[in-house]
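A.B. asks: fold the following, please.
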Amino acid sequence: MNKKKLNSLGGLVYSTDPNFKLEDDTIQNEETLIPAQQKLRVKLETKHRAGKAVTLVEGFIGKEADKEELGKKLKSFCGTGGSVKDGEIIIQGDNRDKVLQWLLKNGYSNSKKSGA
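C.D. replies: So this is what the prediction gives:
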């Protein structure tokens, strides 16, 4: 068994309980809120990124596939790279204004800039 799979089990290797079932800690069936109900925060961050600036979009509530789709649209609009990790949409560079403009134009009315 590889190390990644062991970590996903929380260290559990063997159980003698015949009725034991692993509990899934991830929330996969969470419904995606409509854009007007999303409270997204757009901020700039440079920590732990070798001095490179990235734009973070935090606070998305919904399915991982929908978050990936939103990230893809934002990256395409900004013309940069990025990713979706740890519940955040990461866009390379300082694109706070572009991202906020796109979010407001597409119905995410509760979005705003935060932080530096």
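
A.B. asks: give me the neighbour count for the residue nearest to P35 when sequence neighbours are not counted.
C.D. replies: Distance criterion Cβ to Cβ, 6 or more residues apart in numbering; nearest residue to P35, sequence neighbours excluded, is G107 at 3.8 Å. All C-beta spots, glycine's among them, are computed from the backbone N, C-alpha and C. Other residues lying near G107 total 13 when counted by other Cβ atoms under 10 Å.

A.B. asks: how far away is G107 from G81?
C.D. replies: In this view, G107 and G81 are 25 Å apart by Cβ to Cβ, to the nearest Å.

A.B. asks: then I89?
C.D. replies: Applying Cβ to Cβ, the value for I89 to G81 is 12 Å.

A.B. asks: neighbour count: the two, which is higher?
C.D. replies: Using other Cβ under 10 Å, the more surrounded residue of I89 and G81 is I89, with 25 against 11.

A.B. asks: other SSEs contacting the longest helix seen in the chain?
C.D. replies: Longest helix of the chain, by residue count under DSSP state H: helix 64-78. Packed against helix 64-78 by the contact rule (3 or more Cβ pairs under 8 Å, 6 or more residues apart in numbering; DSSP states H and E) you find strand 54-58, strand 82-85, strand 88-92, helix 96-105.
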